[in-house]
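Colleague: Show me the folded form of this:
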Amino acid sequence: MTVYLPIAEMPVNVLVFLAMGGAVGFLSGMFGVGGGFLMTPLLIFSGIPAAVAIGTEAAQIVASSVSGAIAQYQRGNVDVKMGIVLLLGGMLGSVVGVELVKELRQLGQFELFVALSYVIFLGIIGSLMLVESLNTMRKIRAGAPRMVRSSGQHSWIHGLPFKMRFRRSKLYISAIPPFLLGGFVGLLGAIMGVGGGFIIVPAMIYLLRVPTNVVVGTSLFQILFVTSVTTILHAVQNFTVDIVLALILMVGGVIGAQFGAVAGHRLKGEQLRFLLAGLVLLVCLRVGWSLVVTPAELYSISLSMGGH
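Modeller: Numbering: from 1, shown residues only. Reported below is the predicted structural model:
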């Protein structure tokens, strides 16, 4: 079954993209991530233009995050107050990111910038998460007691001003770190077409010391609203949101997220981090390979239209 995408200007197989949306939605519900770090490269590898893939994926992340966030909220895993602070920073970062995308497209360096960003950020985050999760599982198997972090152990973060009490996370910390974290994730979301869960999840666990079960739901809460703003900005300013493609991905994503939430509830925190780390590194390697492999066409001639 083939359908024509008006913005991407190409025909695609509906069943293939439905399956892609379902797989990414499953990951969203399971790990508490938007799944854009996987879907955006998949769309680009499938022939979708990079700018369209990023703008459209933001719309798909909204749908999958809605489904996953509702499932997590029903389990009491959302710290709404923490999510709002992250959201305020994320909205600011999204505005800056969309403007940066516009400038990079006009310079003709957008696709290279996106690929390099994926390799750098996914490589660093994936490696750190993999090492930590393996160390944790090894200590558990050796019979070492779990390290329980109390709300008072926050080093330099604990000494920052503008403190707020986040009751669901059992924390009393400054609002500055979560605000800056949200801003950084919002910036990456606009540039890379990601929800930012692969960064915000480990940062909340290791930097802010938020309990793992609360991190998943709160991450989806923040991703939901930030990607909504990003989608609107990309559609209005860059005209890169393909509604037809987004709807196909959304249908698969909503269904997959429900199954993912159930699967994630059955796994331990360190197991979730290990699986997510492995997936992040696989995507990193695939994107990195695309930068060094010899392209099928060494030369191409195209008409420049000012980035459009």
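Colleague: so residue 22 touches residue 253, yeah?
Modeller: Yes. In this structure, residue 22 is within contact of residue 253 by Cβ atoms under 8 Å, at 6.8 Å. Any C-beta I mention is one placed from the backbone N, CA and C, and that applies to glycine too.
Colleague: out of these two, which sits in the busier spot?
Modeller: Per other Cβ atoms under 10 Å, whichever of residue 22 and residue 253 has more neighbours is residue 253, with 34 against 20.
Colleague: what does the model give that one for pLDDT?
Modeller: Per-residue confidence at residue 253 stands at 78 (pLDDT).
Colleague: Use 298 as the first number from now on
Modeller: Renumbered: residue one is now 298, and that last one reads residue 550.
Colleague: what are the phi and psi values for it?
Modeller: phi -70, psi -40 (degrees, to the nearest 10).
Colleague: do the same with residue 301
Modeller: According to degrees, to the nearest 10, residue 301 has phi -90, psi 130.
Colleague: That one - how many residues pack around it?
Modeller: Residue 301 has 10 nearby residues by other Cβ under 10 Å.
Colleague: Show the contacting residues for it.
Modeller: By Cβ atoms under 8 Å, 6 or more residues apart in numbering, the contact list for residue 301 reads 307-308, 541.
Colleague: again with residue 519
Modeller: 380, 383-384, 387, 479, 482, 497.
Colleague: want to throw the contacts of residue 301 into TSV with pLDDT?
Modeller: Shown next, in TSV, are the contacts of residue 301 (pLDDT from 0 to 100):
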residue	pLDDT
307	86
308	87
541	90
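Colleague: from the residues you listed, which is closest to residue 474?
Modeller: Within those, the smallest distance to residue 474 is 39.8 Å, found for residue 541 (Cβ to Cβ).
Colleague: and residue 462, how many residues sit next to it?
Modeller: Neighbours of residue 462 (other Cβ under 10 Å): 11.
Colleague: Surely residue 480 is in contact with residue 392?
Modeller: No. Here residue 480 lies out of contact with residue 392, judged by Cβ under 8 Å, at a distance of 10.0 Å.
Colleague: Between those two, which is the more surrounded one?
Modeller: Higher neighbour count among residue 480 and residue 392: residue 480, with 22 against 18, using other Cβ under 10 Å.
Colleague: How confident was the prediction at that one?
Modeller: 89.
Colleague: Quick one: the helices in this structure, in order.
Modeller: 311-328, 333-342, 347-371, 377-404, 407-438, 452-455, 473-489, 494-503, 509-530, 540-562, 566-589 (DSSP state H).
Colleague: Those: which one's closest to residue 461?
Modeller: When the helices of the chain are compared (using Cβ to Cβ), the closest one is helix 377-404, at 7.1 Å.
Colleague: roughly how far is the closest one from the heart of the chain?
Modeller: 13 Å (Cα atoms, centre = their mean, to the nearest Å).
Colleague: One more: stretch 509-528?
Modeller: 9 Å.
Colleague: Also stretch 409-417?
Modeller: The answer for stretch 409-417 is 15 Å, by Cα atoms, centre = their mean.
Colleague: Distance check, residue 308 against residue 301.
Modeller: 5 Å (Cβ to Cβ, to the nearest Å).
Colleague: go on, residue 434?
Modeller: For residue 434 relative to residue 301 (Cβ to Cβ), the value is 48 Å.
Colleague: ok now do the closest residue to residue 487 other than its chain neighbours, which residues does it touch?
Modeller: Counting by Cβ to Cβ, 6 or more residues apart in numbering, residue 487 lies nearest to residue 394, which is 2.6 Å off, once chain neighbours are set aside. Applying Cβ under 8 Å, 6+ apart to residue 394 gives the contacts 483-488, 527.
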